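Q: sequence first, then the predicted structure, then my questions.
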Amino acid sequence: MRTRPVLVVLYDDVRLLDVSGPLEVFAEANEHGGRYDLKTASPGGADVRANTGTRLGADLDLAQVDPRGATVLVPGGPEWVRTIADAELIAQIRRLAGGADRTASVCAGAFALAAAGVLDGRRATTHWDLAGQLARRFPLVRVDADAIFVQDGPVLTSAGVTSGIDLALALVEADLGAEVARLVAKHLVVFLQRPGGQSQFSVRLETGRPRTEVLRGVLDSVAADPSAPHTAATMAARAGVSPRHLTRLFHDELGRTPARFVEQVRLEFAQQQLERTTDPLDVVARRSGFGTAETLRRAFARGLGVTPSDYRARFRTTGVG
């Protein structure tokens, strides 16, 4: 079995778990027959300070790295705006990606790849809370805000923080097979493939403040009482506009249909009920505006990729005790 070089890019304020999570996966894979050669590199080969204040030593100088045959991994950090303004760092990332077998990012590391032009024309993801900013700042990137990780050719991007572990497991599976990846996941006590997408972790999909007062009133009324009847016709009547005009306002200002917005609000409310109460599903369904438990299940499947019962089991408690 050939040695597989993995290079992790370090820089000041890098998020520690974005670095250590994937490295731990590859190190564990080495205990099950893998031959990953794990190295870190920073500008000038200097030590860096992670976001936690932890000092990280680099094995190599970025400028001296030969990326041929390697997987280059770019972690994120909370100061990503400052990171992408570092022209020399971005130039080195561009060079490394151009010669590597695979290039990957964790969380806000996607911004560095995008700034380097690596994501132009590609599908990519990042932390759910940053997806909108990635799409606006880099319009050539096709952002998938819900994916845990995305592969587009030799470029892989992952969502927030711990999803770097998911990405690394996917790389191990591609290299060494599903059985080794399962063993690694089992030893690290993580999902080999976690259920659902990123949207299960966000409190609400941000709608911002609409320019139109009519639309603001409609949004407020839906949020105030998710269980009320909120068809396009009833919302339009309350707003004093035609259903067609209301639909156009939703599309122009929110990029979604009235029905989709109503379902998102109801879904969020149902999530809160499942987290905070022990009420049966039919009660939660009526209270959140879905009417029946079956309609609630279908909405959870569409929006979150999990059942209401699974959501309650995973997010109402940590399982301790």
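A: Nice, thanks for sending it over.

Q: from here on, contacts and neighbour counts on C-alpha atoms
A: Will do.

Q: burial measure for G153, as a count.
A: By the criterion of other C-alpha atoms under 10 Å, G153 has 10 neighbours.

Q: cool, D310 as well?
A: So D310, with other C-alpha under 10 Å, has 11 neighbours.

Q: per-residue confidence at it?
A: In this model, D310 is scored at 89, pLDDT.

Q: before we move on, what about I165?
A: 94.

Q: that's a helix at it, yeah?
A: Yes. Counting by DSSP: H, G, I helix; E, B strand; the rest coil, I165 falls inside a helix.

Q: ok, it touching V19?
A: No. Judged on C-alpha atoms under 8 Å, I165 makes no contact with V19 at a distance of 9.8 Å.

Q: what segments of the stretch 51-200 of the chain are helices?
A: For the stretch 51-200 of the chain, the helices defined by DSSP state H, counting those that start in this stretch cover 80-84, 87-99, 109-115, 131-137, 163-176, 178-188.

Q: quick one, which of those helices is nearest to Y311?
A: helix 163-176 (18.3 Å; C-alpha to C-alpha).

Q: tell me the angle that closest one makes with helix 178-188.
A: 150 degrees (axes from the mean of the first three to the mean of the last three C-alpha atoms, to 10 degrees).

Q: ok so, going back, and the helices of the stretch 51-200 of the chain: which comes nearest R286?
A: helix 131-137 (32.3 Å).

Q: mind listing what's buried in that closest one?
A: Buried residues in helix 131-137, counted by 16 or more other C-alpha atoms under 10 Å: 131-132, 134-135.

Q: for the residues you listed, give me TSV that also has distance to W80 and pLDDT.
A: Formatted as TSV, the buried residues of helix 131-137 follow (distance: C-alpha to C-alpha, whole Å; pLDDT from 0 to 100):
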residue	distance to W80	pLDDT
A131	13	90
G132	14	89
L134	11	95
A135	15	93
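
Q: so which of those residues is the closest to E88?
A: So of the buried residues of helix 131-137, ranked by how close each gets to E88 (C-alpha to C-alpha), first place is L134, at 20.7 Å.

Q: quick check: the closest one touching R142?
A: No. Checked against C-alpha under 8 Å, the pair L134 and R142 is beyond contact range at 9.4 Å.

Q: quick one: the strands in the chain, in order.
A: Using DSSP state E, the strands of the chain run over residues 4-9, 36-42, 48-49, 55-56, 60-61, 71-74, 102-105, 123-124, 142-143, 149-152, 155-158.

Q: and G289, which of these is closest to it?
A: strand 142-143 (30.7 Å).

Q: give the other helices and strands that the closest one contacts.
A: Packing partners of strand 142-143 (3 or more C-alpha pairs under 8 Å, 6 or more residues apart in numbering; DSSP states H and E): strand 123-124, helix 131-137.

Q: want to throw those into a markdown table with distance to T212?
A: Shown next, in a markdown table, are those (distance: least, C-alpha to C-alpha, whole Å):
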| stretch | distance to T212 |
| --- | --- |
| strand 123-124 | 32 |
| helix 131-137 | 21 |
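
Q: how far away is H187 from E28?
A: As judged by C-alpha to C-alpha, to the nearest Å, H187 and E28 stand 8 Å apart.

Q: mind checking which of these two has more residues around it?
A: Counted by other C-alpha under 10 Å, H187 and E28 do not tie: E28 has more neighbours, with 20 against 12.

Q: I'd say the more buried one and K186 touch.
A: No. Counting by C-alpha under 8 Å, E28 does not reach K186; the two are 10.4 Å apart.

Q: below-threshold pLDDT in the stretch 101-250 of the chain: ranges please.
A: 191-209 (pLDDT under 70).

Q: contacts only, for G77.
A: Residues in contact with G77 (C-alpha atoms under 8 Å, 6 or more residues apart in numbering) are 13-15, 51, 107-109.
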